[in-house]
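Colleague: this one's sequence-less:
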């Protein structure tokens with residue numbers, strides 16, 4: 001059975017990935033570089049959730065619960081979603 005993502009699923013998957021990534025970083029490094037952490041910031045009255053040092057981002061309502069994800073300095077790496085998608089596809093193909 002195929003499952004279609006809803007608008008709510010994508011941010012939840014982002015947060016799940018971000019929290020697990022941050023946990024792994026804390027296990028690997030005595031002191032995690034702030035630029036490596038996944039987190040969020042407020043931009044234009046929206047929360048921006050950031051993964052992979054700002055290479056992948058998603059905007060959610062400012063009331064969206066991000067759990068224990070830390071608030072970070074804005075670190076968006078790309079200007080468009082197309083550039084982010086290209087980054088993600090390159091990462092997937094290099095695994």
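Modeller: That came through, no problem. In this text the structure is predicted, and so the values were computed from the model without any measurement. Residues are numbered from 1 along each chain as shown.
Colleague: next one: the worst-scoring helix or strand of the chain on mean pLDDT to chain centre, how far?
Modeller: Least confident element among the helices and strands of the chain, by mean pLDDT, DSSP states H and E: helix 81-93 (a mean of 89). In terms of CA atoms, centre = their mean, to the nearest Å, the centre of helix 81-93 is found 14 Å from the chain centre.
Colleague: check which residues of the helix or strand containing residue 24 are buried.
Modeller: In this structure, residue 24 sits in helix 9-28 according to DSSP states H and E. Residues of helix 9-28 classed as buried: 11, 14, 15, 18, 22 (neighbour count, 16 or more other CB atoms under 10 Å). All C-beta spots, glycine's among them, are computed from the backbone N, C-alpha and C.
Colleague: quick one: pLDDT of the first one?
Modeller: Right, residue 11. We have a pLDDT of 88 for residue 11.
Colleague: quick one: contacts for it?
Modeller: 49, 58, 60, 64 (CB atoms under 8 Å, 6 or more residues apart in numbering).
Colleague: what about the first one, distance to residue 65?
Modeller: For residue 49, the distance to residue 65 (CB to CB, to the nearest Å) stands at 11 Å.
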